[in-house]
Every structure is written in C-alpha cells, then in structure tokens.
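K.L.:
I would like the atomic coordinates for the input below:
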Amino acid sequence: MPGAQGDTRRSILDAAQRIMSHKGFAAVGINEVLSEAGVPKGSFYHYFNSKDAFGEAMMKSYFVDYLADMDRVLAGPGLTSAQRLMNYWQSWRETQSVDECQGKCLAVKLGAEVADLSESMRLALKEGTTAIVDRLERVIAAGLEDGSLAIDGDARATAEALYDMWLGASVMAKIHRDISPLDTTMTVTRRLLHV
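P.N.:
Numbering: from 1, shown residues only. Here you go, the predicted model:
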C-alpha cells in the first residue's frame with residue numbers, strides 16, 4: 001500500500017506488535033492499538049476487514065521483518081556456516097530477553113494462543129516458522145559442506161529440532177523469568193552441531 005495509507009497501516013501493525021509482544025492477542029483491544037499508533041478509532045476497518053484479518057496481517061508483517069533480520073545475521077561475510085548459525089542463536093538469546101523482547105518474540109508470545117483462536121493466524125505462523133526452519137536447514141547443509149559443523153541426522157530434522165528447542169527455551173525463560181533455559185539451549189545447540 002503506497003503513500004500515507006500504507007504508512008498508517010504499517011504504524012498500526014508496528015504498534016500492535018509492540019503491545020502484543022507483552023500482552024498477547026486476546027488481551028489487547030483494537031482501540032489500544034489505534035491509540036498507540038496515533039490513528040483515529042473509527043478508521044480500523046478502513047485498513048482491515050476484521051480483527052482476524054488484522055492479526056494475520058500483523059503476523060505476516062512480523063515475519064517479513066524477522067526473516068530480513070535473520071537473513072542479515074546469516075549472511076555474515078567472511079564467516080563459516082557454523083559461525084553464522086551460532087551468531088543467529090546468539091542474536092536470538094539477546095532479543096528474547098525475559099523482560100523486553102522489543103517485538104522480536106511475537107511467535108513465542110502468540111504461537112500457542114492464536115493457533116487455537118484463528119486459522120488464518122495459525123497458517124501465517126506456520127508459514128513464517130517454516131521459512132525460519134528452511135533458512136536454518138540451508139545454513140546447516142552449507143556447514144556440512146564447508147566442514148564447519150557436523151550433525152548426527154539430516155539437516156532438515158536438525159533444523160526443526162533446533163528451532164523447536166529454542167522456541168521452548170524462550171517460553172521457559174518467560175515462565176521462570178530467567179534466561180538460563182536459553183543458556184542451556186545454547187550449550188545443547190553447540191553439542192548437536194559439534195561446534
């Protein structure tokens with residue numbers, strides 16, 4: 001969406017990501033998001049057909065930004081595939097802070113909640129998380145080729161297991177309000193990749 005309309009829509013989505021990364025989806029009303037975005041209350045349905053369509057758009061926008069950040073981290077010029085992959089996990093650890101994830105943990109915060117509330121949001125989450133695992137698989141395969149890492153299974157299964165493990169550790173870090181699950185997961189990740 002070009003121009004001011006696109007900017008307004010993006011402002012609404014950005015505000016929603018910031019708020020919902022703390023409160024969740026169901027606990028946040030549209031008026032709170034619009035107020036945070038500085039958009040008049042009556043204009044929501046000009047940009048979105050429903051709260052469900054809004055949630056789907058928010059998740060898709062989140063993953064576009066997340067995947068662009070991930071691609072930047074994984075591009076790491078002059079580094080081995082293993083180094084690039086470990087930089088990604090280190091970035092994950094830093095952005096999944098217990099108290100403040102700066103909107104970088106929306107999949108962690110909303111995954112279980114919206115999967116049962118909205119089929120369109122569940123599918124947006126599935127598409128986004130699959131794209132993350134696809135990227136992890138490619139870097140693991142490249143690491144096998146350049147000899148910077150080794151695994152005991154295939155690249156896809158390892159990528160899926162690592163992502164699942166990090167997602168779970170992020171949830172546990174929030175539950176315990178302690179980042180030690182992320183530190184433990186980093187240690188296990190190094191072992192699984194033999195780095």
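K.L.:
pLDDT averaged over the biggest helix by length in the chain, what's the number?
P.N.:
Looking across the chain with DSSP state H, the single longest helix is helix 119-146. Confidence for helix 119-146, expressed as mean pLDDT, is 95.
K.L.:
what comes up buried for the helix or strand that it is followed by?
P.N.:
Next helix or strand after helix 119-146 toward the C-terminus (DSSP states H and E): helix 155-176. Neighbour-count burial for helix 155-176 flags 155, 158-163, 165-167, 169-174 (criterion: 16 or more other CB atoms under 10 Å). C-beta: built from backbone N, CA, C; applies to glycine.
K.L.:
return helix 155-176 as CSV; C-alpha atoms alone will do.
P.N.:
The C-alpha trace of helix 155-176 is given here as CSV (Å, rounded to 0.1, in the frame of the first residue of the first chain):
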residue,chain,number,x,y,z
ALA,A,155,19.8,-31.1,8.0
ARG,A,156,16.0,-30.7,8.0
ALA,A,157,15.4,-32.7,11.1
THR,A,158,18.2,-30.9,12.9
ALA,A,159,16.9,-27.5,11.9
GLU,A,160,13.4,-28.4,13.1
ALA,A,161,14.7,-29.8,16.4
LEU,A,162,16.9,-26.7,17.0
TYR,A,163,14.0,-24.3,16.2
ASP,A,164,11.6,-26.2,18.5
MET,A,165,14.2,-26.3,21.2
TRP,A,166,14.9,-22.6,21.1
LEU,A,167,11.2,-21.8,20.9
GLY,A,168,10.6,-23.9,24.0
ALA,A,169,13.5,-22.4,25.8
SER,A,170,12.1,-18.9,25.1
VAL,A,171,8.8,-19.9,26.7
MET,A,172,10.6,-21.4,29.7
ALA,A,173,12.7,-18.3,30.1
LYS,A,174,9.5,-16.2,30.2
ILE,A,175,7.8,-18.6,32.7
HIS,A,176,10.9,-18.6,35.0
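K.L.:
one step back: helix 155-176 and the longest helix of the chain, what's the angle between them?
P.N.:
Calculated by axes from the mean of the first three to the mean of the last three CA atoms, to 10 degrees, helix 119-146 forms an angle of 120 degrees with helix 155-176.
K.L.:
how far away from the center of its chain is helix 119-146?
P.N.:
11 Å (CA atoms, centre = their mean, to the nearest Å).
K.L.:
show me what it is packed against.
P.N.:
Here helix 119-146 touches helix 51-75, helix 81-95, helix 106-115, helix 155-176, going by 3 or more CB pairs under 8 Å, 6 or more residues apart in numbering; DSSP states H and E.
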